[in-house]
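Enquirer: sequence plus the predicted model coming up.
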Amino acid sequence: METESEWDSPVEATSDDAALSKLSAISKGYYKDDFMSLLIGGNRQSKRSPLINRGYFARVAARDMVVSMFLERTKGKCQIVSLGAGSDTAYFRLKVRTYI
């Protein structure tokens, strides 16, 4: 029988990998995020291929655009639940842009 930590380890590894991939895209200038390095902690570096960097840029840009449009349309009188967000800084980035 598997223990809870055996189930958590692959999920945590996936979250860490995604966070480091986002950090790679940010460090190469694909998009701006002043919070990811704070969320990850330490002085962790990551280098991913340009295809991975562009993929994370597209994903973050598309989601930010949709969420921003939703917040503007609802005039902020809404609630957003982000399931499976992992190491996500969207709240902080939106807060800086005064959407929240």
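Expert: That came through fine. Residues are numbered from 1 along each chain as shown.
Enquirer: for Val66, give me the pLDDT.
Expert: In this model, Val66 is scored at 93, pLDDT.
Enquirer: what's the answer for the one 3 residues further on, then?
Expert: Listed pLDDT for Met69 reads 92.
Enquirer: state the distance from it to Tyr56.
Expert: For Met69, the distance to Tyr56 (C-beta to C-beta, to the nearest Å) stands at 20 Å. Placement of C-beta: from N, CA and C, glycine included.
Enquirer: between these two, which one's more packed in?
Expert: The residue with more neighbours, out of Met69 and Tyr56, is Tyr56; 20 against 10, by other C-beta atoms under 10 Å.
Enquirer: chain neighbours aside, what residue packs nearest to the more buried one?
Expert: Closest residue in space to Tyr56, ignoring its immediate chain neighbours: Ala25 at 4.3 Å, by C-beta to C-beta, 6 or more residues apart in numbering.
Enquirer: would you agree the one you found is in contact with Ala58?
Expert: No - assessed by C-beta atoms under 8 Å, Ala25 is found out of contact with Ala58, at 9.8 Å.
Enquirer: more crowded one of these two?
Expert: Using other C-beta under 10 Å, the more surrounded residue of Ala25 and Ala58 is Ala25, with 24 against 13.
Enquirer: other SSEs contacting whichever strand or helix holds that one?
Expert: Under the criterion of DSSP states H and E, Ala25 resides in helix 4-27. Here helix 4-27 touches helix 36-40, helix 50-73, going by 3 or more C-beta pairs under 8 Å, 6 or more residues apart in numbering; DSSP states H and E.
Enquirer: what's the most buried one of those helices?
Expert: Most buried of those, by mean neighbour count (mean count of other C-beta atoms under 10 Å): helix 36-40, with a mean of 16.
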